[in-house]
Every structure is written in C-alpha cells, then in structure tokens.
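Output the structure for:
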Amino acid sequence: MFRYLRYLFLVLLGLSLITVALANRGFVSLRLLPEGVSGFIGGDWEIRLPLFLVVFGGIVAGLLIGFIWEWLREARHRAEATRAKREAKTLEREVKRLKTATAPKPNDDVLALLEDGGKAG
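Residues are numbered from 1 along each chain as shown. Below you'll find the model as predicted:
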C-alpha cells in the first residue's frame with residue numbers, strides 16, 4: 001500500500017518538475033562577477049542557461065551543501081557510536097572470559113556434595 005503511495009508521490013513530483021521546466025524555458029545570463037568588476041579585471045565570465053536549469057541546479061546545490069554539512073556535523077556522534085560499539089565488544093569478551101574462568105570444575109567439592117545428594121563421606 002505504502003509502496004504505491006510512494007510511486008504516486010514520485011510520479012506527481014516528476015510531473016510537476018516537468019511542468020515547471022516547460023514553463024521556464026527562457027534563457028538567462030549567469031555572470032561570475034558584476035559587469036563593472038568584470039570589465040575592470042578583464043574577464044567576462046558569462047553563461048546562458050535555461051531558467052529551469054538554474055532553478056533546479058540551485059536546488060541540487062543546496063541539497064548537496066545541506067547533506068555535507070549534516071554529515072560533518074554528525075561526525076562526532078558517529079565516532080562516539082563506533083567507540084561505544086568497540087567498548088561493548090571488549091566488555092562482552094571480558095564477561096565471556098570471566099564466565100569461563102569462574103565456571104565450576106568437574107571435580108569441585110561443592111558439586112561433588114550436590115551430586116551425592118548432600119551425603120557426607
């Protein structure tokens with residue numbers, strides 16, 4: 001059920017993006033520097049792109065910056081989780097080692113008494 005809702009959402013999103021792209025096919029000029037500054041420096045870096053590419057490119061660039069920012073922000077939490085996992089494994093190994101070290105031996109006096117039914121002898 002949710003799979004079909006997801007497909008429906010993706011189809012509607014795709015159709016809306018295609019509609020926006022078709023409605024904004026006009027070309028715009030993108031400049032690296034303002035005209036006065038680019039004339040002073042001697043380089044006129046300009047590119048002409050359809051408006052929808054500029055809009056979608058801005059959205060993609062914003063998403064990438066946000067993902068990278070979040071990944072860097074959570075690096076401390078990931079490192080702490082890794083350290084906690086390593087410590088938990090070390091403690092599990094130590095517990096297992098202590099259980100085997102303190103396990104009763106087959107020729108233990110207490111076990112012998114229990115096996116004999118509490119008879120002294």
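
Do you have the helices of the chain handy? List them.
For the chain, the helices defined by DSSP state H occupy 2-23, 35-41, 51-73, 75-101, 109-115.

Show the average pLDDT along the longest one.
Yep, that's helix 75-101 we're talking about. Mean per-residue pLDDT for helix 75-101: 94.

Point out where this structure drops to low pLDDT.
For the chain, the stretches flagged by pLDDT under 70 are 104-109, 111-112, 115-121.

Find the centremost residue of it, please.
Trp71 (6.7 Å; C-alpha atoms, centre = their mean).

Please report the number of neighbouring residues for Trp45.
Neighbour count of Trp45, defined by other C-beta atoms under 10 Å: 10. Heads up, the C-betas are built off the backbone N, CA and C, glycines and all.

residues in contact with it?
Residues near Trp45 by C-beta atoms under 8 Å, 6 or more residues apart in numbering: Arg31, Leu32, Leu33, Ser38.

can we see that at 10 Å?
By C-beta atoms under 10 Å, 6 or more residues apart in numbering, the residues touching Trp45 are Leu30, Arg31, Leu32, Leu33, Ser38.
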